[in-house]
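Undergrad: Provided below are the primary sequence and the corresponding predicted coordinates.
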Amino acid sequence: MAEVYATMDKAAADGMKTSSDKTAAVTDAWARVRSDATAIDWAAFVLEGKAYKLRAEGSGVPALLEALSEDCVTFAGFRADVGGAVKFFHLLYVGSGVGIIKRNKAQLQKNAPFNAMDGAAGDLELPPDEKTAEKLAALVAAA
């Protein structure tokens, strides 16, 4: 896909980008997560209409897990300490109450917010039946 994008003219390439106003909340919150000047180490977003909205932000894994709702798709970004180094990750959480069509669309819809959160070490997906700090830590360790 990158090769195709590189050979397109500017107008066609711009048509492939997500409008910055649709991901503005993601970009703003992600800057706070990445900043060493704030205590915020995660931010969670939901898709409302055609724009991604900040659902919650904070610090600590328990608060992050609490922000992941069972009745919607949540896109998140968080900071983690991995072997003494700070790394950033994208997180997709599809709640157990989300229907099959929305569940499948989430795989496509994650691209816009994840692309707006630059500098992440990887994309993680937390299963709804394993929404625990231990499972999240295992996913981070395996990434």
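TA: Received it, and whenever you're ready, just let me know what you need.

Undergrad: quick one: the strands in this protein?
TA: Counting by DSSP state E, the chain has strands at residues 42-48, 51-58, 73-82, 85-94, 122-126.

Undergrad: Same list, those strands, but as CSV with mean pLDDT, mean neighbour count and distance to residue 36 please.
TA: Every residue, glycine included, has its C-beta placed from N, CA and C. Below are those laid out as CSV (pLDDT from 0 to 100; neighbours: other C-beta atoms under 10 Å; distance: least, C-beta to C-beta, whole Å):
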stretch, mean pLDDT, mean neighbour count, distance to residue 36
strand 42-48, 95, 22, 15
strand 51-58, 95, 18, 16
strand 73-82, 95, 21, 10
strand 85-94, 95, 19, 9
strand 122-126, 94, 16, 21
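
Undergrad: ok, now which ones touch the nearest residue to residue 69 once chain neighbours are set aside?
TA: Excluding its sequence neighbours, the residue lying closest to residue 69 (C-beta to C-beta, 6 or more residues apart in numbering) is residue 95, at 5.5 Å. By C-beta atoms under 8 Å, 6 or more residues apart in numbering, residue 95 lies in contact with 68, 69, 70, 71, 72, 73, 74, 128.

Undergrad: could you flag which of those are buried?
TA: The neighbour count (16 or more other C-beta atoms under 10 Å) marks 68, 69, 72, 73, 74 as buried among the contacts of residue 95.

Undergrad: Tell me, how many residues neighbour residue 142?
TA: For residue 142, the count of nearby residues is 8 (other C-beta atoms under 10 Å).

Undergrad: Would you confirm that residue 143 contacts residue 120?
TA: No. Contact criterion C-beta atoms under 8 Å: residue 143 and residue 120 do not qualify, at 9.7 Å.

Undergrad: Have a look at those two and say which one is more surrounded.
TA: Legend: neighbour count by other C-beta under 10 Å for residue 143 and residue 120, higher for residue 120 (19 against 14).

Undergrad: can you give me the helices in the protein?
TA: Applying DSSP state H to the chain gives helices spanning 2-7, 10-15, 24-34, 61-67, 100-109, 111-116, 133-142.
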